Structures are given as structure tokens and as C-alpha cells.
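[1] One predicted model, sequence on top.
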Amino acid sequence: MKSLEIWYPFYQPAQDPPPLRIARGEGAYLYTDDGRQLIDGISSWWTNLHGHNHPRIMAALAEQTRHLDHVLLAGFTHRPVEKLTEKLGRVLPPGLRRIFFSDDGSTAVEVALKMAVQFWRNSGRPEKRRIVALENGYHGDTVGAMSVGDDSVFTEAFGSLLFPVERAHSAYCYRCPVGKKRESCRIDCADHLAEVLESGHDEIAAVIVEPLLQGAGGMIVHPPEFLQRVREACSRWDVLLIADEVFTGFGRTGRMFACEHAGIEPDLMCLSKGITGGVLALGATAATERIYEAFLGSEPDRTFYHGHSFTGNPLACAAAIASLEIFETEPVFERIEAIAAIHRERLATLRGHPGIGDTRQLGTIAAIEIAAEDAGYSSSLKPSLYRFFLEKGILLRPLGNVVYVVPPYAIAPADLHGIWDAIGEAVDRVQPRSRVPA
Ligand SMILES: Cc1ncc(COP(=O)(O)O)c(C=O)c1O
């Protein structure tokens, strides 16, 4: 009988190299079993904030293991989840006063979608149940989260399972959906969402967006005015705004939350990834008091019937508290700005390279879009670029022809420059035949 083997995510054994076995992590580095050092240039899927095995987070975890491993959060509570709520309350937009814990980014999104739909039902408007999402969006791999994500190879096989979603233009300036140039546009792409809401608001429960930066869709950076226009349209037509800050939260964009760049507050906000400093899985969905109040009452069907076994796990909460304490006591935003400054400097030197179609940056997130004939996630450039960087001791996982860097905040400037040197070299090597004019 064949022994049990691991089924790895996003992995095609016929094509992909065998997974690298990692034995240890420290700061921005991962170490393989055979002692090779890798710079984690993508913070292990954008989760890690302060560096791997951060001593303060590890100590907080060790301390928590002495007290409580886990307890259900229905009918029970515990100090770590209360303390984390207190701390999050100090950094979240002031209008978000309730927080619901779950497991990861996808469940944080599922919770937001379900809350939005049930909010309207509980408010006597059950016909408001449709969801509007943006082109190029990505919100996770569970079925509800896939439904609101744009069509892609990720979703192709599951059309029969997905619920219908109306899609509005996103502000992808490099490939403007309404044919404008950034310098002269008046965020005309936002008109589309306004029109969708004007005509359909009676049936629309919520709009979901990745605020300011669409990650998996290609590290697409939106002008803050776009998000302001989305907020205005939602307020005007009484449609809830869900900000999926699963990737952009906790300093990634240069502010604690991306919404802050646009000076707006959503009605629901999804958090995960960096919430624990990237150490343990934890999801959270924050909501306004208006939403919460619609769930109060003695009728049984008012209740939000949703809860995962590990909701508010004390160990994950302990890690999250320690991560927020690092923000409170260490110059984290100076580290973030130092990374952003290096990104700016290096992108400026790459801009205009004949192999590069576009450069994009928001805080610690920087990307180049290589001009390629087969642009997109399945671009043939991806595997060779991935291997090239690994051979240089750098973990980067290009999104097709988009090469991006999202380092832990603990990365040393020399290592970040090393990543950019490797990217420069990789771009020089891309065969001219795969280039196309921007
Ligand atoms: C914006 C956004 N939302 C949701 C998710 C899903 O998070 P998870 O992979 O933790 O389920 C992701 C993951 O990359 C994401 O980028």
C-alpha cells in the first residue's frame, strides 16, 4: 500500500520542482534542511511582519502555552481574546466597534459577506442580497470568497458552485478599463461602480474591495481617490462597504490600514495574515455598531449563526497581542518607511527599462510588470523567474509576469538591495521576444 503523502497547494508535480524543506526561520531568513539561507522576499505569502521566529512573539506563545491551549468561544471567553480586542480597538478605524474572530483570510471574508446579507434581512430589506466586487479582485479560495474574486485559473473549475456577483471596474491604471491616461483622468473608472449602485442599490447588500491594492490580481495600486469614490457611492446608495485588508492591514502599505490613505472608513473590515505577525492562523471581521445592532433581538433568526471550532484561539491571540505590542514599543513604521524608500529608489532606476511595462508601489509592497506577450498569472515567465531567484538565495513567487517584493519589516537594507539587484538581472535576461510594447 502506498504511504500517505502531502498534497501541496498550488502545486503541479509534473512541472514544479519538489518543495524545499525548511528547518528554521530567523528574521528575514529561512534556512533549508541542508543549511541554505533564503531571503523571504514575500514574507511567506505576505503574512510575516516583524521577521521569522521573533523572540517577543515566540516568548508570548510559550507563556500562553502554560495557561490555556484552547476553549470554544461560544458561551466562553478568555483574557487573550479580550486583550487582543482592546488592542485592535486602538488601531482600527473608530467606527468599527465589533469584532468577530475566525480562522484565516478566506473565513474573514466569508463572515463579512454573510454579515452583510443577514444585516439587510434583519433590517427588513431581504431583497438587498447581491454583492458587487471589483475586476482583478482576489479574496480567498473558499467558495464564497472565490465568488467575489475575479475569474481566473483559480476559479475556472468551480463556476457551478459560485454565486453570481456583479463586477465593477478597478483602477488598474496601466491597463485602464476606460482607456484613459492617469495624468488626465478624473478617476473615470469609478463611474462604473456608481452606475451599478445607482441602478441596482435596491438589491445590493455590499461592495467588497481590496482597498488601494489588489494583491493576487497583480499588485495593482489604485489612486486613493478611487477608494473615496467607492465609499461615496456606497454611502449615497446605502450599500455596505467591505474592505478586505487581509493583505494590506498592519502597516503593509505604510499606514496601519490601507483605508487610512483615502481617509475613509468601511462598514466591515476583514483582517488576517499579519494580524498575528504572521505566526499563527487567525481571521477577524470588524463591523460598525449599526451592523451589530441589527443582529440583536429575541427572535432566534436574528442571531449570526456562524462560528469555527478554533475561533479566537488563545495561542493565536497571544501572538497577535505580542505583534501589536511590537508596533506600540518599537519603531515599526520607521522600518516600514526605510523599506518603502529603498523600493522607491530601486523602482526609479528600473522605470523606463525596455523590458518593464509598469512599476507599482505602496509602502512595503513593490512590483514590476514585465512586458510579456502572455501577461497574466499563467505567464510562461513565472517558472523560470521563480527558479532564477531561488538559485540566488531569494524567495520570490512572481504572479505570472508581475514580480513583486513584500519583505518582512525586519529585512536588512543590504538584503533588500540584493533582491532588487537580482530583479534587475532577471529583467535584463528576459528574452526580447516575450516583450510587448506597454
Ligand atoms: C486580499 C485577500 N483576501 C483574502 C485572502 C485569503 O486569505 P487566506 O489565504 O488566509 O484564506 C487573501 C490571500 O492572499 C488576500 O490577499
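    Done, it's in.
[2] ok, residues contacting stretch 100-116?
    73, 81, 131, 139-142, 144-145, 148, 205-206, 208, 240, 242, 244, 246-247, 267-273, 281-287, 291, 304, 306, 308, 310-312 (CB atoms under 8 Å, 6 or more residues apart in numbering). The C-beta positions use only the backbone N, C-alpha and C, and glycine is treated the same way.
[3] so where do the helices sit in the stretch 251-400 of the chain?
    259-262, 289-293, 314-329, 332-350, 381-391 (DSSP state H, counting those that start in this stretch).
[4] So which residues make contact with the third one?
    Think helix 314-329. 49-50, 54, 56-57, 59-61, 63-65, 67-71, 78, 80-81, 83-84, 87-88, 91, 250-251, 256, 274-277, 279-282, 310, 332.
[5] Point out the residues in the stretch 251-400 of the chain that sit beside the ligand.
    Contact residues, the stretch 251-400 of the chain versus the ligand (CB under 6 Å from any ligand atom): Ser272.
[6] Next, count neighbours for Gly297.
    The number of residues packed near Gly297 is 11, by other CB atoms under 10 Å.
[7] residues contacting it?
    Asn122.
[8] Recalculate using a threshold of 10 Å.
    Taking CB atoms under 10 Å, 6 or more residues apart in numbering, we find Gly297 in contact with Asn122, Thr303.
[9] Leu92 too?
    Thr85, Ile99, Glu245, Gly249, Met256, Phe257, Cys259, Glu265, Met269, Leu271, Ala284, Ala286.
[10] hang on, the earlier thing: of the contacts of helix 314-329, buried ones?
    49-50, 54, 56-57, 60-61, 64, 78, 80-81, 84, 87-88, 250-251, 256, 274-277, 279-282, 310, 332 (16 or more other CB atoms under 10 Å).
[11] Looking at stretch 357-368 now, give me its mean pLDDT.
    Across stretch 357-368, pLDDT averages out at 97.
[12] then that stretch to PDB, C-alphas only?
    C-alpha atoms of stretch 357-368 as PDB (Å, rounded to 0.1, in the frame of the first residue of the first chain):
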ATOM      1  CA  GLY A 357       5.800  47.700 -18.700                       C
ATOM      2  CA  ASP A 358       4.900  49.200 -15.300                       C
ATOM      3  CA  THR A 359       6.200  49.700 -11.900                       C
ATOM      4  CA  ARG A 360       4.000  50.000  -8.800                       C
ATOM      5  CA  GLN A 361       4.400  50.600  -5.100                       C
ATOM      6  CA  LEU A 362       2.500  51.200  -2.000                       C
ATOM      7  CA  GLY A 363       4.600  51.200   1.200                       C
ATOM      8  CA  THR A 364       6.400  47.900   1.700                       C
ATOM      9  CA  ILE A 365       4.800  46.400  -1.400                       C
ATOM     10  CA  ALA A 366       6.600  46.900  -4.700                       C
ATOM     11  CA  ALA A 367       6.100  45.300  -8.100                       C
ATOM     12  CA  ILE A 368       7.200  45.400 -11.700                       C
END
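[13] And for the closest residue to Leu280 other than its chain neighbours, the neighbour number?
    Using CB to CB, 6 or more residues apart in numbering and skipping residues adjacent in sequence, the residue nearest Leu280 is Ala316, 4.2 Å away. Residues contacting Ala316 under the criterion other CB under 10 Å number 26.
[14] returning to what we had before: identify those among the contacts of helix 314-329 that sit within strands.
    Using DSSP state E, no member of the contacts of helix 314-329 sits in strands.
[15] Kindly reformat the helices of the stretch 251-400 of the chain as a markdown table and extend each row with mean pLDDT.
    Output for these, formatted as a markdown table (pLDDT from 0 to 100):
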| stretch | mean pLDDT |
| --- | --- |
| helix 259-262 | 98 |
| helix 289-293 | 98 |
| helix 314-329 | 98 |
| helix 332-350 | 98 |
| helix 381-391 | 94 |
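[16] how near is the residue nearest to Val279 when sequence neighbours are not counted to Gly278?
    Spatially, and ignoring its direct neighbours in sequence, Val279 is nearest to Ala319 (4.4 Å; CB to CB, 6+ apart). Distance of Ala319 to Gly278, computed by CB to CB, to the nearest Å: 9 Å.
[17] Now do the contacts for Ser272.
    Ser272 neighbours (CB under 10 Å, 6+ apart): 46-47, 102-109, 140, 244-247, 249-250, 281-285.
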